[in-house]
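J.: everything below, folded, please.
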Amino acid sequence: QLQLVESGGGLVQAGGSLRLSCAASRGTFRRYAMGWFRQAPGKEREFVATITWSSTTSYAESVEGRFTISRDNAKNTVYLQMNSLKPEDTAVYYCAGRANINKSSLSREYDYWGQGTQVTVSS
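T.: I've put the predicted structure just below:
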């Protein structure tokens, strides 16, 4: 089983940047596709980005060109670099692991989840 712990959230002004990290333990990290999802108050959880074991990536249209997902298999860590942040990016961000080498944008296809980290973007 995979255990995931996110870090790096916080308060930032619009136009600023943050980098989220997700440290994985208790699993063979390189065998998992990883994803980032987010949930704003009163809204459903939505897909942000996903990455395969070999670092092929996909992004939600709303973050394409502003966010970058990456992974370091040696450190068992996946990252989400967020640039040009907007107030609408405010949400709790969740890291997720999928027991499959292929990436997915569907939350139901992920098996393991972190506890989430709050990102707040002020206008």
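J.: the residue most central in space within the chain bridge partners, please.
T.: When C-alpha atoms, centre = their mean is applied to the chain, the residue found nearest the centroid is residue 36 (2.3 Å). Beta-bridge partners for residue 36, by DSSP bridges, are residue 49, residue 95.
J.: distance of it relative to residue 123?
T.: Residue 36 sits 23 Å away from residue 123, taking C-beta to C-beta, to the nearest Å as the criterion. Bear in mind the C-beta positions are built from the backbone N, C-alpha and C, glycine included.
J.: can you check residue 76 too?
T.: Taking C-beta to C-beta, one finds residue 76 at 36 Å from residue 123.
J.: of those two, which one has the most company?
T.: residue 76 (19 against 9; other C-beta atoms under 10 Å).
J.: got phi/psi on that one?
T.: Residue 76 adopts backbone torsions of phi 50, psi 40, taken as degrees, to the nearest 10.
J.: how much space separates it from residue 25?
T.: For residue 76 relative to residue 25 (C-beta to C-beta), the value is 7 Å.
J.: mutual contacts of these two, please.
T.: Contact criterion C-beta atoms under 8 Å, 6 or more residues apart in numbering; no residue bridges residue 76 and residue 25 by contacting each.
J.: with adjacent residues omitted, what lies nearest to residue 120?
T.: Excluding the flanking residues, the one nearest residue 120 by C-beta to C-beta, 6 or more residues apart in numbering is residue 11, at 4.7 Å.
J.: that older thread, pretty sure the residue nearest to the centre of the chain sits against residue 95.
T.: Yes. Counting by C-beta atoms under 8 Å, residue 36 sits close enough to residue 95 to count as a contact (6.1 Å).
J.: list residues touching both of those two?
T.: Joint contacts of residue 36 and residue 95 (C-beta under 8 Å, 6+ apart) are 20, 22, 78.
J.: quick check: the last one touching residue 34?
T.: Yes. In this structure residue 78 lies within contact range of residue 34 using C-beta under 8 Å: 4.4 Å.
J.: may I have the distance across stretch 60-78, first residue to last?
T.: Length of stretch 60-78, first residue to last, C-alpha to C-alpha, to the nearest Å: 17 Å.
J.: now swap in stretch 97-107 and tell me
T.: Using C-alpha to C-alpha, the two ends of stretch 97-107 sit 10 Å apart.
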